[in-house]
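Undergrad: Show me the folded form of this:
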Amino acid sequence: MKSRCYWCGVDPLYVDYHDKEWGVPVKDDKTLFEFLTLETFQAGLSWITVLRKRENFRKAFDAFDYKKIATYSDTKMENLLKDEGIIRNKLKVKAAVTNAQAFMEVQKEFGSFSNYIWGFVDGKPIKNTWASKHDIPANTPLSDAISKDLKKRGFKFVGTTVVYAHMQATGIVNDHLVDCFRYNEV
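TA: Numbering: from 1, shown residues only. Now for the predicted structure:
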């Protein structure tokens, strides 16, 4: 049996996400935006809750097309709040729109969001060496700095813990435990 990170347990959806996506370096802006949006909706909830609603989010949020999301009207946002397939939180829905607008401003300045976010680590993932779940932090000085900068740029729901989770999911940091089979693969 393969050794995996403790958090994915045995839920097939969680295991698949762990084995195929989590910690894999993402440089594509659309995927980075999808993860950023999902992480903001996850704030205060478990990741498996978001993962189970991911396909509903994709449908509701136009496949995470940030150019479309940036132009969502109040009516569209009200309709999203009626969609039982997603997490219905007015502030988070509004944040998705605000973040799409801020995302495009970052693209204008840096050429891509990827250039911006990966610039914090000189384009190379940080490979941590955690032996136990107790070693893994909820945030770091780097996630503090990125969070502060994102907020300065107008992003919402991007606290340091959300940012660190985004860094983990998109491979900016490799936080697979050292005995996890994915540790050396990503």
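
Undergrad: hey, let's count contacts and neighbours off CA atoms from now on
TA: Fine.

Undergrad: Give me the distance between the residue nearest to Gly159 when sequence neighbours are not counted and Ile117.
TA: Spatial nearest neighbour of Gly159, chain neighbours left out: Ser147 (5.6 Å); criterion: CA to CA, 6 or more residues apart in numbering. Noted for Ser147: a distance of 11 Å to Ile117, by CA to CA, to the nearest Å.

Undergrad: If you count surrounding residues, which of those two has more?
TA: Per other CA atoms under 10 Å, whichever of Ser147 and Ile117 has more neighbours is Ser147, with 22 against 19.

Undergrad: Over to the more buried one. Which of the three states is it?
TA: Here Ser147 is recorded as helix under DSSP: H, G, I helix; E, B strand; the rest coil.

Undergrad: ok, it - contacts?
TA: Contacts for Ser147 were tallied using CA atoms under 8 Å, 6 or more residues apart in numbering; they are 158-160, 163.

Undergrad: The chain: helices as residue ranges?
TA: Remark: helices assigned in the chain by DSSP state H are 12-20, 29-42, 47-60, 66-69, 74-80, 90-110, 113-119, 141-152, 160-169.

Undergrad: most tightly surrounded among these?
TA: helix 160-169 (a mean of 24; mean count of other CA atoms under 10 Å).

Undergrad: Can you pull up the most central residue in the chain?
TA: Phe35 (3.2 Å; CA atoms, centre = their mean).

Undergrad: could you list every residue that touches that one?
TA: 166, 169-170.

Undergrad: Need the per-residue pLDDT for it.
TA: pLDDT, Phe35: 97.

Undergrad: Pull up the gap between it and Lys124, please.
TA: Counting by CA to CA, the gap from Phe35 to Lys124 is 19 Å.
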